[in-house]
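Colleague: this one's structure only:
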């Protein structure tokens, strides 16, 4: 699908019907969403420059992602999408500046694009050049990334409360509670790692964009790039802090699991030690030697039971006195 945005913020969907000439000068942004090869050829014929293919968007070399060709500036960045699902993903989006226009190519639906498209009508023609439009679009992408980071931090706070509870509440937790929470921690770690990858690609794009004459000669576009670069740097530091918290939470959860397992082993160990003296008494009087004076005692049986009970109570009281129970 091809969407064309005019300077006044209005949008129209471009079909495959043959048209005379080029796109009108009023169109400032051409957004290709999951385009077919025919749609790519249509745009290439109308604007006069080649468009990168999906395979070319996946290249990770800086020279393949940021370059100038045919007087057009080609830039590719990795953006987050499906952040509300269990498995967030990255998608590669191409940004092309050519003759005052912005052309974007994407094969997914990052929410930042929908939010920015909805806000174009409220800008009242502020985006009269492709560079300014790209600056505002990058600002919207960074704002959306900040929202994702805030959402992730809130989720981590809620998860921390459920994990680090008091001892009485911990006893009421269902079995394998902490093991299940490890999956949530892994999901959050995946999200923050992809978010940091996205910020790195955006940082490289903005630095490259700031070096281009078309941006340096437009004061507003240059100022927008400076603001976006500063925001990306602060978000990167915050993402690193969140990643450190996730690592701490993972280590703490594993430590709590070990503590719970050690507590179970301790119970079995103490139980075996408590029942060892009664077992010893029973073993002594269970021997079948011919001469055992206690076998003839009238009170031998109850005395043996009392000895076994006393030998179990004494270690139990000793463990309670030491605080091991």
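Modeller: Arrived safely, thanks for sending. Everything numeric in this text was worked out from a predicted model, so none of it was measured.
Colleague: just for this structure, where's the confidence low?
Modeller: Residues of the chain meeting the criterion pLDDT under 70: 9-11, 13, 15-23, 60, 62, 123-126, 166-175, 324-325.
Colleague: how is it partitioned into domains?
Modeller: Using automatic domain parsing, the domain parsing of the chain gives 2-262, 275-322.
Colleague: looking at those, which is buried most?
Modeller: domain 2-262 (a mean of 16; mean count of other C-beta atoms under 10 Å). Every residue, glycine included, has its C-beta placed from N, CA and C.
Colleague: using the three-state scheme, assign the nearest residue to residue 88 once chain neighbours are set aside.
Modeller: Closest residue to residue 88 apart from its sequence neighbours, by C-beta to C-beta, 6 or more residues apart in numbering: residue 191 at 5.0 Å. Three-state call for residue 191 (DSSP: H, G, I helix; E, B strand; the rest coil): helix.
Colleague: quick one: residues contacting residue 191.
Modeller: Shown in contact with residue 191 (C-beta atoms under 8 Å, 6 or more residues apart in numbering): 83, 88, 148, 152.
Colleague: which of the residues you listed sits closest to residue 46?
Modeller: Distances from residue 46 to the contacts of residue 191, taken as C-beta to C-beta, are shortest for residue 83 (34.1 Å).
Colleague: can I get the domains of the chain in TSV with distance to residue 268?
Modeller: Shown next, in TSV, are these (distance: least, C-beta to C-beta, whole Å):
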stretch	distance to residue 268
domain 2-262	11
domain 275-322	11
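Colleague: now residue 1. Nearest residue, chain neighbours left out?
Modeller: residue 33 is the one closest to residue 1 (C-beta to C-beta, 6+ apart), at 4.7 Å.
Colleague: okay, and the beta partners of the one you found?
Modeller: When bridges are called by DSSP bridges, residue 33 pairs up with residue 106.
Colleague: residue 187: what's it in contact with?
Modeller: By C-beta under 8 Å, 6+ apart, the residues touching residue 187 are 86, 87.
Colleague: which element, helix or strand, includes it?
Modeller: Secondary structure assignment for residue 187, by DSSP states H and E: helix 177-210.
Colleague: check which element follows that helix along the chain.
Modeller: helix 213-216.
Colleague: contacts for that next one?
Modeller: Contacts of helix 213-216 (C-beta under 8 Å, 6+ apart): 73, 97, 131, 209, 210, 221, 222, 225.
Colleague: give me the three-state assignment for the second one.
Modeller: Three-state secondary structure (criterion: three-state DSSP) places residue 97 in strand.
Colleague: looks like residue 47 contacts residue 103 (just checking).
Modeller: Yes - checked against C-beta atoms under 8 Å, the pair residue 47 and residue 103 is within contact range at 7.0 Å.
Colleague: any common contacting residues for these two?
Modeller: Common contact partners of residue 47 and residue 103 (C-beta under 8 Å, 6+ apart): residue 30.
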